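Student: Here you go, sequence then predicted model.
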Amino acid sequence: MTDAFDKAGRYLTAGLRLLPAEIAHDVAMLAMKHGALRCLPKQQQPSFAVPLHVNVPGIGRLRHPIGLAAGFDKNIRCPNAFELMGLSFLEMGTVTPRPQPGNPKPRLFRQPETLSIINRMGFNSDGSRLVAKRLKDLNWKPSRVPLGVNIGKNKDTPQEQAINDFVAGVEVFNAHAHWLTVNISSPNTPGLRNLATPEFLRELAQSIGNIRSKCWIKLDPDMDQGSFRKMISSIQHEGFQGAILSNTHRVEWPEAGGQSGYPLLSPSNSCLEWAWDVTKGSLPVIASGGVLSGVDAFHKLARGACAVQIYTALVYRGPGAAMRICEELSRELKLRGFESAEEAIGCWYL
Ligand SMILES: Cc1cc2nc3c(=O)[nH]c(=O)nc-3n(C[C@H](O)[C@H](O)[C@H](O)COP(=O)(O)O)c2cc1C
């Protein structure tokens, strides 16, 4: 179904894509912050061919599995706009303890021929104090859409003190975020991915105590399979809530940075398969990487994800992307004989 919201949104997004990528992002964020989406025709609530509800442990019962991935709204500027797009759960951040500007521009590149994006933003962040105040003032209730915060480390924090940045972030956001994500997988902060070890997770778990059960660990898709499996076991063993699979894939060409979108679909699907092989579905997993259509989303659920996050799809399909992906997903489920989205979770392994 094409509704007027979707159509207008796609025209606007096509217009924005005439601008350099980061300027387009900033313009879109500013417009959304000032309520631009409310000026579009109201989005129709589509009726799905099969029910799409999913249960995400620690996050809640969602009306469908499609949520927002981290990095779009790093500083919690306009969660209302993403709620209006129909996304069912929102991940904000990455937020670092102290404000930092991120890497020099240009640092964001669209690759329309491959439906991908390369970014080397490097955690441009307003810092946790300001962002936490913004979140507190919002008084955001999970009954709207659950909102989580993704935590990172400052670039200039020495590696041996990195744990302090994560503990500080978790403690600052614990009171107001509905869940937390520990980001040890961005390719754009030197040394960050070296923290993806069972030893680091053990130290973090000990330092944050019970809050660990509210934390998801986001991994990168470039780890060798052996290390990846050890990380999945460790996430489960240390009592974290689950894993987000995956962050962007590191590339050097045509730009250095992390690649998202279509080329990430297959590597991030492999991560889901390896994780299932380790835990047989007993560790909750949220999928992220290359979901541009409902069929892509189906393949994430089939490989054991209980929910799916999108970023690049919003850039190429516009603000109606989540609802379109839901419609396509429900048609795909029906075609394959499923009566609900929940029934399809993990079906790949049966
Ligand atoms: C411009 C950009 C910035 C991102 N920033 C972050 C970030 O700050 N923290 C994070 O965990 N992931 C970040 N990501 C990764 C996304 O959250 C997501 O995992 C990735 O883009 C794969 O999903 P997609 O293929 O649907 O875009 C960023 C992605 C993009 C494109």
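Tutor: That came through fine. Numbers count the residues shown, from 1 in each chain.
Student: From now on I want contacts and neighbour counts done on CA atoms only, so please keep to that.
Tutor: Noted.
Student: Does L292 touch Y262 like I think?
Tutor: Yes - with the criterion set as C-alpha atoms under 8 Å, L292 and Y262 qualify as a contacting pair; they are 7.2 Å apart.
Student: These two: which is more packed in?
Tutor: Between L292 and Y262, counted using other C-alpha atoms under 10 Å, the more crowded position is L292 (25 against 18).
Student: Could you grab the helix/strand/coil label for the more buried one?
Tutor: The three-state label given to L292 by DSSP: H, G, I helix; E, B strand; the rest coil is coil.
Student: What segments of the stretch 1-150 of the chain are helices?
Tutor: In the stretch 1-150 of the chain, the segments counted as helices under DSSP state H, counting those that start in this stretch are 4-16, 21-33, 36-39, 79-84, 128-138.
Student: who in this structure is up against the ligand?
Tutor: Where the chain comes near the ligand, counting by C-alpha under 6 Å from any ligand atom, the residues are 69-71, 93-94, 117, 119, 123, 183, 246-248, 260-261, 288-291, 310-313.
Student: Now with 5 Å, please.
Tutor: Within the chain, the positions near the ligand by C-alpha under 5 Å from any ligand atom are 69-71, 94, 247, 260-261, 288-290, 310-312.
Student: For those residues, could you give me TSV that also reports neighbour count and pLDDT?
Tutor: Supplementary listing: the residues of the chain next to the ligand in TSV, determined by neighbours: other C-alpha atoms under 10 Å; pLDDT from 0 to 100:
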residue	neighbour count	pLDDT
A69	23	98
A70	24	98
G71	17	98
T94	28	98
N247	26	98
S260	28	98
G261	27	98
S288	31	98
G289	33	98
G290	29	98
I310	28	98
Y311	22	98
T312	24	98
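Student: Would you mind giving these as TSV with distance to F109 added?
Tutor: TSV is the format used below for those (distance: C-alpha to C-alpha, whole Å):
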residue	distance to F109
A69	18
A70	17
G71	14
T94	19
N247	17
S260	11
G261	12
S288	19
G289	17
G290	16
I310	17
Y311	14
T312	11
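Student: Could you list which of those residues belong to strands?
Tutor: Secondary-structure check on the residues of the chain next to the ligand using DSSP state E: residues within strands are 94, 260-261, 288, 310.
Student: Kindly tell me how buried the closest residue to N124 other than its chain neighbours is, as a neighbour count.
Tutor: When the adjacent residues along the chain are set aside, N124 lies closest to G102, with 4.0 Å between them (C-alpha to C-alpha, 6 or more residues apart in numbering). The burial count assigned to G102 is 17, neighbours taken as other C-alpha under 10 Å.
Student: Serialize the ones in strands among the residues of the chain next to the ligand to JSON lines and add fields for distance to A36.
Tutor: Compiled in JSON lines, those are given as follows (distance: C-alpha to C-alpha, whole Å):
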{"residue": "T94", "distance to A36": "24"}
{"residue": "S260", "distance to A36": "26"}
{"residue": "G261", "distance to A36": "26"}
{"residue": "S288", "distance to A36": "27"}
{"residue": "I310", "distance to A36": "21"}
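Student: one step back: next, the contact list for the residue nearest to N124, please.
Tutor: Taking C-alpha atoms under 8 Å, 6 or more residues apart in numbering as the definition of contact, the neighbours of G102 are 121-125.
Student: mind checking how far E113 is from F5?
Tutor: For E113, the distance to F5 equals 26 Å [C-alpha to C-alpha, to the nearest Å].
Student: higher neighbour count, those two?
Tutor: Neighbours of E113 and F5, each counted by other C-alpha under 10 Å, are more numerous for F5; the result is 20 against 6.
Student: Tell me the predicted confidence for that one.
Tutor: We have a pLDDT of 89 for F5.
Student: same check, this time on T2
Tutor: Per-residue confidence for T2 comes out at a pLDDT of 59.
Student: Please renumber the chain so that the first residue is 865 from this point on.
Tutor: Shifting the count to begin at 865 puts that one at T866.
Student: rewinding a little: ranking the helices of the stretch 865-1014 of the chain by burial, who's on top?
Tutor: helix 943-948 (a mean of 19; mean count of other C-alpha atoms under 10 Å).
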